[in-house]
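1. kindly generate the corresponding structure for this input.
(one chain, ligands or ions: 1)
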Amino acid sequence: MPNDKILVTQSSMPPYEEYIEAIKPLWESHWLTNMGMYHKELEARLKEYLDVPELSLMVNGHMALEMAIQAFDFPEGAEVITTPFTFISTTHAIVRNRLQPVFCDVKLSDGTIDETKIEDLITEKTVAIVPVHVYGNVCNVEEIQRIADKYNLKVIYDAAHAFGVKYKGKGIGSYGDASIFSFHATKVFNTIEGGAVAFSDHRIYEKLYNLKNFGIRGEELVSDVGANAKMNEFCAIMGLCNLKHIDKAILERKEIYDFYRKKIAEIKGLYLLDEKEDATRNYSYFPLVIGKDHEISRDEVFARLRENNIFARKYFYPLSADQACFKNKYRNANIINARKLAQNILILPMYAGLKIEVASRIVNIIKTN
Ligand SMILES: *Cc1c(COP(=O)(O)O)cnc(C)c1O
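-> All right, here's what the predicted structure looks like:
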C-alpha cells in the first residue's frame, strides 16, 4: 500500500520472524499476562539497560505515573508543582490522584521546569514536584533535589521522553524518588503500549506490585485501592525484541538529528534548544524553535509542511494548563515562557529509517526561498 505521508514518528519494530518466533512459547504455556516470565525478564533487562536500582513494569506510561504518584499516599487536595509544557498525561495523572497541579514556568533554553521559580510556589499544602525531562532534556536535578530536601517534598519525574538517557554517568531514572518511562508505540523504545516506574526504595516495588494488580496482596486480602496496570506477555516480548535493536535505532535517529542540526544552523531565525552537559541523548524528538526573525511563522511552516504531506507536530501547544479541562481551575501561575515556547515550537519528523533525502526535503520547505 503506497503511503507517502511522512509522520512525526514511526514505530520501531523487530523483524517479523523474530517476534513470531519469540511469542511461540505462549501457545504452550497459555500464560498471557499476570507477571509472567517475560514480564520478569523484561523488568530485569530494563533495570540493567536504564541503569536504575529498581523498576516496575506497567501497562503504559500514563498508568506508571498514576501508580507512582499513588504509591506515596499524598493527602487528598494536596498541591503538586509541575510543568504545563508537557503531554496532557502528566497533568491528568496528578488530577486523577485528587491532587492539585500548580503550574511552574519553564526555561526557554530547554523547555524543562524553571527551578528558580519553584520555591515561590511552595505552600504548606505542597507535597511533591513532578518535573518532565521534556524531549529527553534533563531537568536541573540537583537544584530540584535541594529544594525537595529543604521542604520535605517528593520528586517524581516524568521521564517518558528520556529512555536510556544518562546524566553524570547514572541512569536518568535514578534521580528523585521515582521516574516514569513510556514505552508507547511512538516513543524511542516501545512495547506497543507499556511503561515503567523506576525508583530506589525497594518498598515501593511491593507497593506498585499491589497497585498495578487491583491492590491484591493475598488470595483473600485486598489492601490498597489499586487498578489494573499490568503489562501483558505479548507486550513484554515485543519489548525484549525491540531492546535487541535499540542501540542501532538510536544511532539511526542520531544521523537524522545531526543532519537537521547542521542544515538548520545555516537558516536565519531557526533555533535549537540547549543540550545539557554531562547528559547523553536519545534523539527522541527534533524540537525546532521558529523565531520572530524567521521569514514565516511557526504556523505557516506547519501548514506548508502539511501541504507537502509532512506531518510535523506542535508539541506542546496548547499547554496542558490551557486545555479545556484545566483552564482557570487552578492557582493562576505565571507561565509566560511556557506560553512563548508553545507558540514557537515545532517537532520535525525523526525516526529510525527516515531517509536523509526526506529530511533534506523537509529542511528545504522550512527554508522557504
Ligand atoms: C507519552 C507520554 C506519557 C504517557 O505515556 P503512555 O505510554 O502513552 O501512556 C506521559 N508523559 C509524557 C511526557 C509523554 O510524552
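2. now N232: how far from the ligand?
-> If you measure N232 against the ligand using CB to the nearest ligand atom, to the nearest Å, the figure is 14 Å. The way it works is simple: take the backbone N, C-alpha and C, and place the C-beta from them, glycine included.
3. how about L348, phi and psi?
-> Here is the backbone geometry of L348 (degrees, to the nearest 10): phi -90, psi 150.
4. doesn't V289 make contact with it?
-> No. With contact defined as CB atoms under 8 Å, L348 does not reach V289; the gap is 11.6 Å.
5. of the two, who's got more company?
-> Of the pair L348 and V289, L348 is the one with more neighbours under other CB atoms under 10 Å, namely 24 against 20.
6. near the ligand, which residues of the protein?
-> Contact residues (CB under 6 Å from any ligand atom) of the chain with the ligand: 60-62, 86-87, 89-90, 132, 158, 160-161, 182, 184, 195.
7. so which of these is the closest to L272?
-> Using CB to CB, H161 is the member of these that lies nearest L272, at 15.9 Å.
8. now, the residues of the chain next to the ligand that are in strands?
-> The strands, defined by DSSP state E, take in 158, 182, 195 from the residues of the chain next to the ligand.
9. picking that back up, TSV for the residues of the chain next to the ligand, including distance to I267?
-> Converted to TSV, the residues of the chain next to the ligand look like this (distance: CB to CB, whole Å):
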residue	distance to I267
N60	37
G61	34
H62	36
T86	28
F87	28
S89	33
T90	32
V132	28
D158	32
A160	30
H161	25
S182	32
H184	32
G195	37
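10. how about JSON lines for those, with neighbour count and pLDDT added?
-> Formatted as JSON lines, those follow (neighbours: other CB atoms under 10 Å; pLDDT from 0 to 100):
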{"residue": "N60", "neighbour count": "23", "pLDDT": "98"}
{"residue": "G61", "neighbour count": "27", "pLDDT": "98"}
{"residue": "H62", "neighbour count": "24", "pLDDT": "98"}
{"residue": "T86", "neighbour count": "25", "pLDDT": "98"}
{"residue": "F87", "neighbour count": "19", "pLDDT": "98"}
{"residue": "S89", "neighbour count": "24", "pLDDT": "98"}
{"residue": "T90", "neighbour count": "26", "pLDDT": "98"}
{"residue": "V132", "neighbour count": "27", "pLDDT": "98"}
{"residue": "D158", "neighbour count": "28", "pLDDT": "99"}
{"residue": "A160", "neighbour count": "29", "pLDDT": "98"}
{"residue": "H161", "neighbour count": "24", "pLDDT": "98"}
{"residue": "S182", "neighbour count": "29", "pLDDT": "98"}
{"residue": "H184", "neighbour count": "20", "pLDDT": "98"}
{"residue": "G195", "neighbour count": "27", "pLDDT": "98"}
